[in-house]
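A.B. asks: need a structure here:
(chains A, B, C, D, E and F)
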4 protein chains.
Amino acid sequence: MESPSVEATDPPARGPRHASILLAATAIIAERGYHKASISDIIARAGIARGTFYLYFSNKRSVFEEILEQAIERLAEAIRPIELGPDSLPPRTQLHANLTRVLSLLLSERALCSLLLDNSLSPDPEGQQPLASFFTRVRAMIRSSLDTGIEMGLLRPCRTEWVAAACLGAVRGVVGQLLETPDLPELGQLVDEIIDFALHGVIARPDAF
Amino acid sequence: MESPSVEATDPPARGPRHASILLAATAIIAERGYHKASISDIIARAGIARGTFYLYFSNKRSVFEEILEQAIERLAEAIRPIELGPDSLPPRTQLHANLTRVLSLLLSERALCSLLLDNSLSPDPEGQQPLASFFTRVRAMIRSSLDTGIEMGLLRPCRTEWVAAACLGAVRGVVGQLLETPDLPELGQLVDEIIDFALHGVIARPDAF
Amino acid sequence: MESPSVEATDPPARGPRHASILLAATAIIAERGYHKASISDIIARAGIARGTFYLYFSNKRSVFEEILEQAIERLAEAIRPIELGPDSLPPRTQLHANLTRVLSLLLSERALCSLLLDNSLSPDPEGQQPLASFFTRVRAMIRSSLDTGIEMGLLRPCRTEWVAAACLGAVRGVVGQLLETPDLPELGQLVDEIIDFALHGVIARPDAF
Amino acid sequence: MESPSVEATDPPARGPRHASILLAATAIIAERGYHKASISDIIARAGIARGTFYLYFSNKRSVFEEILEQAIERLAEAIRPIELGPDSLPPRTQLHANLTRVLSLLLSERALCSLLLDNSLSPDPEGQQPLASFFTRVRAMIRSSLDTGIEMGLLRPCRTEWVAAACLGAVRGVVGQLLETPDLPELGQLVDEIIDFALHGVIARPDAF
DNA sequence: AATGAATGAGGGTTCATTCAT
DNA sequence: CATGAATGAACCCTCATTCAT
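C.D. replies: Below you'll find the predicted structure:
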């Protein structure tokens, strides 16, 4: 006997329509940017009537919040904490897997990227910014990994709050650039390059410079 | 060529009014954010009439584009190519000076930042994106520096088109984070940390990992 | 005549559903006022589906019209013509009974009042106004009573079409005021006061003034 | 030198437009009722563009509030307290003048009447009801007059809070009836009839009944 | 009979832009 | 040059009504 209220949500309902609106909205944001995406655009793309939109979402903001939450959730699933136990894979391997998952997710859905890379998302100052808080969370994860690495003597001491921001930024920078080119590179190489950069920097020998 | 005048601008002309509008618009952006800045806000702040605005700017976008261009120009001035001649300062010193200039400029004017970090400024696909092209330019500068460094054996060989993007991204990441906190850090340390990260990465010894 | 059925109503039929919708609508009016009462409110209260509503009523107006008609009917039942036969109760007693019935009906159901006192119920000029015609009927009854009273020498001659309107208005005025206060007065006193006013006016002695 | 800010009002401005919108809105209310009067109706009638409306009124409610306030003000001017000094005109004469002013004002502008007689005005429960409070004020004036009259022995003792409501209602009743007929009666007679009713009631002799 | 997802006209409001003065 | 009243397209949202199931 299946309970009919396994996943009862708010007034709006789920269903294929719900998904198609989400899809349409994501596409619209990708091509027009968040602030210019209008309900009219979305319903035109989804092929539904005006009122139907409000059957599934209580207002404009909530669609975008849901898209964002979905994206964040998928992204969060792709990022797994680095384990340092004796039976764990080497840290670099774990890091590589993480980055590969993240990048392949991002590059497979450009619309999603334009959402995640758009710093101007925060619709209103009054609303909290789920995107910003997501990045803060990721930054905190990176920082904590750095702190652990330093404690273990694997990494050099540094101001981890800044370096974590730099690491995250480096990834975003690369993703941002890739979005500008039509064809995608071989992901393994790219990830190696990013990791090498983050681990060793660009210098040739420690005493150069 | 018809007019001998130095610089043909928008339909309208230059003058003190032009500057005061630009100033007002910048202030409004700083206060209310780019997307909520309205013509009404700007003219109220500038103390001019509605129509006067359109005497100096052909539309709303053009004000922000001009502000952006100004910002880019100042930023571009702050970035000077690394010279590697025998009489030049050490590269790291030059890099340090560059980054310090850039960061102090950005952090001193948050309004400017919100424009620079906002990817969605020019949402019209038809219009060119001065911001994107600026970043492309900076990335190219970094890449060219990296290429030179590699040629000279100072830097290790790497895919410079990606590493350049990572370097730029790292800086943006740090700036982005600093904007979220009210108080600013000591700039010298911050810049050193960024440079150390970019040069040496985070690893403790070359053979660690 | 085609159908032998007792009463052809709206397209739909009668039944327990019909009554429960009427009940729900009355309750909603009482709670939220006529103009804010929505179909959604009503069906939620009645516990029926949206479409079901239109099985019993052709549109929103018709529910309220039916409620109004019911109210008018009950009100009409409460008003009985004054009999002046030798075996009848004294006119004042009959009048007193009438007014008491009317007021106790009105005051016991405020929802009903808000419909009855709201002149703007049927805003469509094309539709007849059952409320207005009801009041016209009541006014005619009062006037006819006045005429009879004058003929019999009980009442002073006057322009009965105006005085009837004044009498009816006086009652509505009192009801309207009572609706603004939460607690109800003793009805017998109130009715006496109204009757005294209508019969004797406010003057102390006939020759005062 | 005329000060340019003799009558600076809120954001919206005065002027012929302001008045014409007010006029249009009044007409629309008169013919469609308050709740069905839409901005579209009003601007169509006023012959202005949508945006122009909001140049003069901050929202829909404010137009109606202003209309109501104007009406109330004019009505309030028509009602003057009854003076009972030795040099004053006889009370009945003063009363007659008051009623004549009120009725001639009301009957000369039917649109105004439909506003004043519509009990359903109160646009929102949250907003205060200027109309209701006006009538409360008038009722208080009448009551105070009644109290004075009773003290002086001119009027018979009675529950003045109810009788005042009845008096006011009587007038509203007569006005309401007159609105249903196209042609207006001779005002002097009408007023006399109302006053006679309020003073002496309808009874023939004190001891009748 | 009963349902409820879908509809779309219409609501109030905003704001970049124009143009007669 | 400067003005600011006027514009109207576009915005988000509501809700009475319909119809395939």
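
A.B. asks: And the most centrally placed residue in chain A, how far from residue A:140?
C.D. replies: Nearest to the geometric centre of chain A sits residue A:75, at 4.7 Å (CA atoms, centre = their mean). Look at residue A:75 and residue A:140: by CB to CB, to the nearest Å, they are 15 Å apart. All C-beta atoms are positioned from the backbone trio N, CA, C, and that covers glycine.

A.B. asks: quick check: domain ranges of chain A?
C.D. replies: Per the record, chain A has its domains at A:10-58, A:64-200, by automatic domain parsing.

A.B. asks: how about the residue nearest to the centre of chain A, what does it touch?
C.D. replies: Shown in contact with residue A:75 (CB atoms under 8 Å, 6 or more residues apart in numbering or on different chains): A:102, A:105, A:106, A:116, A:134.

A.B. asks: And the helix or strand bottoming out on mean pLDDT in chain A, what's buried?
C.D. replies: Least confident helix or strand, chain A: helix A:110-117 with a mean of 76, by mean pLDDT, DSSP states H and E. Residues A:111, A:112, A:113, A:114, A:115, A:116, A:117 are the ones in helix A:110-117 that count as buried (16 or more other CB atoms under 10 Å in any protein chain shown).

A.B. asks: DNA strand E is nearest to which of the domains of chain A?
C.D. replies: Among the domains of chain A, the nearest to DNA strand E by CB to the nearest atom of the strand is domain A:10-58 (1.4 Å).

A.B. asks: Centre of the chain to stretch A:94-112, how far?
C.D. replies: Stretch A:94-112 sits 9 Å away from the centroid of its parent chain (CA atoms, centre = their mean, to the nearest Å).

A.B. asks: okay, stretch A:65-77 in CSV with CA atoms only?
C.D. replies: C-alpha atoms of stretch A:65-77 as CSV (Å, rounded to 0.1, in the frame of the first residue of the first chain):
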residue,chain,number,x,y,z
GLU,A,65,14.9,29.0,-6.6
GLU,A,66,13.9,25.5,-7.4
ILE,A,67,16.1,25.4,-10.5
LEU,A,68,18.9,26.7,-8.3
GLU,A,69,18.3,24.2,-5.6
GLN,A,70,18.2,21.3,-8.0
ALA,A,71,21.5,22.5,-9.6
ILE,A,72,23.1,22.9,-6.2
GLU,A,73,21.9,19.5,-5.1
ARG,A,74,23.4,17.8,-8.2
LEU,A,75,26.6,19.7,-7.8
ALA,A,76,26.8,18.9,-4.1
GLU,A,77,26.3,15.2,-5.0
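
A.B. asks: which residues of chain A score low on pLDDT?
C.D. replies: A:1-13, A:118-128, A:209 (pLDDT under 70).

A.B. asks: Which stretches in chain A count as helices?
C.D. replies: A:16-32, A:39-46, A:50-56, A:60-78, A:91-108, A:110-117, A:130-151, A:160-180, A:187-200 (DSSP state H).

A.B. asks: so which of those helices gets nearest residue B:62?
C.D. replies: Nearest to residue B:62, of all these, is helix A:16-32, at 20.0 Å by CB to CB.

A.B. asks: What are the buried residues along that closest one?
C.D. replies: Buried-residue list, helix A:16-32, by 16+ other CB under 10 Å: A:17-18, A:21-22, A:24-32.

A.B. asks: who's in contact with residue A:70?
C.D. replies: Contacts of residue A:70 by CB under 8 Å, 6+ apart are residue A:22.

A.B. asks: tally of neighbours for residue A:66?
C.D. replies: Residue A:66: 17 surrounding residues under other CB atoms under 10 Å in any protein chain shown.

A.B. asks: I figured it was touching residue A:23, is that so?
C.D. replies: No - using CB atoms under 8 Å, residue A:66 makes no contact with residue A:23, being 11.6 Å away.

A.B. asks: out of the contacts of residue A:75, who has the most neighbours?
C.D. replies: When the contacts of residue A:75 are compared by neighbour count (other CB under 10 Å), residue A:106 ends up highest, at 22 neighbours.

A.B. asks: mind checking how far that residue is from residue B:52?
C.D. replies: 46 Å.

A.B. asks: Over to residue A:48?
C.D. replies: In terms of CB to CB, residue A:48 sits 44 Å off from residue B:52.

A.B. asks: What of residue A:32?
C.D. replies: Separation of residue A:32 from residue B:52 (CB to CB) stands at 31 Å.

A.B. asks: Give me the subset of the buried residues of helix A:16-32 that also touch DNA strand E.
C.D. replies: When contact is defined as CB under 7 Å from any atom of the strand, the buried residues of helix A:16-32 meet DNA strand E at residue A:17.

A.B. asks: got the buried residues of helix A:16-32 as TSV, with distance to chain B columns?
C.D. replies: Converted to TSV, the buried residues of helix A:16-32 look like this (distance: CB to the nearest CB, whole Å):
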residue	distance to chain B
A:17	27
A:18	26
A:21	21
A:22	20
A:24	18
A:25	15
A:26	15
A:27	14
A:28	11
A:29	10
A:30	11
A:31	8
A:32	6
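
A.B. asks: Pick the one among the buried residues of helix A:16-32 closest to chain D.
C.D. replies: Nearest to chain D out of the buried residues of helix A:16-32 is residue A:32 (CB to the nearest CB; 25.0 Å).

A.B. asks: and residue A:49, what is it in contact with?
C.D. replies: With contacts defined as CB under 8 Å, 6+ apart, residue A:49 is in contact with residue A:43.

A.B. asks: what's the answer for residue A:145, then?
C.D. replies: Residue A:145 makes contact with A:81, A:82, according to CB under 8 Å, 6+ apart.

A.B. asks: give me that answer again for 10 Å
C.D. replies: A:81, A:82, A:84, A:91, A:94, A:95, A:155, A:160, A:164, A:167, B:202 (CB atoms under 10 Å, 6 or more residues apart in numbering or on different chains).

A.B. asks: The closest residue to residue A:15 other than its chain neighbours and residue A:49, how far apart?
C.D. replies: Closest residue to residue A:15 apart from its sequence neighbours, by CB to CB, 6 or more residues apart in numbering or on different chains: residue A:56 at 7.7 Å. According to CB to CB, residue A:56 and residue A:49 sit 12 Å apart.

A.B. asks: now swap in residue A:181 and tell me
C.D. replies: Taken as CB to CB, the span from residue A:181 to residue A:49 is 39 Å.

A.B. asks: Residue A:167 reaches residue A:161, doesn't it?
C.D. replies: No - assessed by CB atoms under 10 Å, residue A:167 is found out of contact with residue A:161, at 11.3 Å.

A.B. asks: more crowded one of those two?
C.D. replies: Per other CB under 10 Å, whichever of residue A:167 and residue A:161 has more neighbours is residue A:167, with 27 against 18.

A.B. asks: re earlier: how far does the least confident helix or strand of chain A sit from its chain's centre?
C.D. replies: 8 Å.

A.B. asks: Tell me the helices and strands packed up against that helix.
C.D. replies: With contacts defined as 3 or more CB pairs under 10 Å, 6 or more residues apart in numbering or on different chains; DSSP states H and E, helix A:110-117 has these neighbours: helix A:16-32, helix A:60-78, helix A:91-108, helix A:130-151, helix A:160-180.

A.B. asks: Tell me which of those sits most buried.
C.D. replies: Mean neighbours per residue, mean count of other CB atoms under 10 Å in any protein chain shown, is largest over the helices and strands packed on helix A:110-117 for helix A:160-180, with a mean of 23.
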